[in-house]
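In: For reference, the sequence and a predicted model appear below.
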Amino acid sequence: FQYIVTIDSDMLFCKSLERFLPFNQTNGPEWDYAFTVYDREHEVPWGSNEEVAKTKNGHVRLNAGVQLFKNSGTLVPFLTHYLETIQYVLRWGHA
């Protein structure tokens, strides 16, 4: 396989993701890992950009409801570190 895509079960697609996918690129994408975030241009039916783009403390909200992984030499080490980080957060009550 060349790519892995994970999608939250509650995802709502309001616009096409086609511009992020490598179908028409000769050398493939310039990324190994891509994920969704909320930004100033993010539009959702349940709130304004200002309401959803940042937390109440002003941090950019990382949603990661859609994650795209390229099957490259960095995939397994990245996923291993990702899993270890999640386990740490859950173990120490930072979630």
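Out: All right, it came through fine.
In: Where does residue 72 sit: helix, strand or coil?
Out: Three-state assignment for residue 72 (DSSP: H, G, I helix; E, B strand; the rest coil): coil.
In: residues contacting it?
Out: The contact partners of residue 72, by C-beta atoms under 8 Å, 6 or more residues apart in numbering, come to residue 32. All C-beta atoms are positioned from the backbone trio N, CA, C, and that covers glycine.
In: Just give me the neighbour total for residue 68.
Out: Residues near residue 68, counting by other C-beta atoms under 10 Å, number 20.
In: what bridges to it?
Out: In this entry, residue 68 is beta-bridged to residue 5, residue 34, by DSSP bridges.
In: where does this protein have low pLDDT?
Out: 20-28, 39-40, 42, 94-95 (pLDDT under 70).
In: now residue 71: how far from residue 30?
Out: Relative to residue 30, residue 71 is positioned 15 Å away (C-beta to C-beta, to the nearest Å).
In: how near is the closest residue to residue 74 other than its chain neighbours to residue 69?
Out: Nearest residue to residue 74 in three dimensions, chain neighbours excluded: residue 32, at 5.0 Å (C-beta to C-beta, 6 or more residues apart in numbering). The spacing between residue 32 and residue 69, counted by C-beta to C-beta, is 7 Å.
In: Residue 47 too?
Out: Distance from residue 47 to residue 69, by C-beta to C-beta: 29 Å.
In: Tell me which of the two has more neighbours.
Out: The residue with more neighbours, out of residue 47 and residue 69, is residue 69; 20 against 12, by other C-beta under 10 Å.
In: buried ones in the strand or helix carrying residue 50?
Out: Assigned by DSSP states H and E, residue 50 belongs to helix 49-53. Buried residues in helix 49-53, counted by 16 or more other C-beta atoms under 10 Å: 52, 53.
In: Which strands or helices does that helix pack on?
Out: Counting contacts by 3 or more C-beta pairs under 8 Å, 6 or more residues apart in numbering; DSSP states H and E, helix 49-53 packs against no other helix or strand.
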